[in-house]
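>>> Fold the following, please.
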Amino acid sequence: MAGRKTSVSFDDETLDILARRAEEEGMDRSAYLARLVRRDDLRRRIAADSATLNAAGYTPDRATAVTAALIARRRAVG
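Numbering: from 1, shown residues only. Reported below is the predicted structural model:
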């Protein structure tokens with residue numbers, strides 16, 4: 001993995017967990033930690049986008065209700 005070298009300090013327990021999880025995934029600790037950071041960033045962006053859509057009224061429940069109404073109307077017509 002190419003990138004800038006940085007220094008991060010962990011307590012022993014956290015470092016053991018990081019090493020174990022990285023080994024389970026067949027990755028080195030740096031690559032595993034980078035993947036976790038990217039995944040967390042994606043989750044945060046999805047949560048922010050979802051909050052924006054919900055505030056605008058585009059909720060999953062509304063989408064389901066609209067879809068169900070369209071299906072029911074289609075069945076009633078033909």
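>>> Could you give the number of residues near R45?
Taking other CB atoms under 10 Å as the criterion, the count of residues near R45 is 10. Just so you know, the C-beta spots here come from the backbone N, C-alpha and C atoms, and that holds for glycine as well.
>>> actually D61, not the one I wrote
Using other CB under 10 Å, the number of residues around D61 comes to 8.
>>> repeat for R21
14.
>>> How much space separates it from S9?
The gap separating R21 from S9 is 18 Å, by CB to CB, to the nearest Å.
>>> now swap in V77 and tell me
Between V77 and S9 the computed distance is 66 Å (CB to CB).
>>> any idea how far V37 is from the residue nearest the centre of the chain?
The residue at the geometric middle of the chain, judged as the C-alpha nearest the mean C-alpha position with CA atoms, centre = their mean, is R43 (3.1 Å). Taken as CB to CB, the spacing of R43 relative to V37 amounts to 11 Å.
>>> R44 too?
When CB to CB is the yardstick, R44 and V37 sit 11 Å from each other.
>>> hey, where'd the helices end up in this protein?
Counting by DSSP state H, residue ranges of the helices within the chain are 12-24, 29-55, 60-77.
>>> Please name whichever of those helices is nearest to K5.
Across these, the minimum distance to K5, taken as CB to CB, is reached by helix 29-55, at 9.1 Å.
>>> Just the angle for the closest one relative to helix 12-24, thanks.
Relative orientation of helix 29-55 and helix 12-24, computed by axes from the mean of the first three to the mean of the last three CA atoms, to 10 degrees: 90 degrees.
>>> Which positions within helix 29-55 qualify as buried?
Residues 29, 32-33 are the ones in helix 29-55 that count as buried (16 or more other CB atoms under 10 Å).
>>> of those residues, closest to A68?
Y32 (42.9 Å).
>>> Low-confidence bits of this structure, can you list those?
Across the chain, residues meeting the criterion (pLDDT under 70) sit at 1-2, 78.
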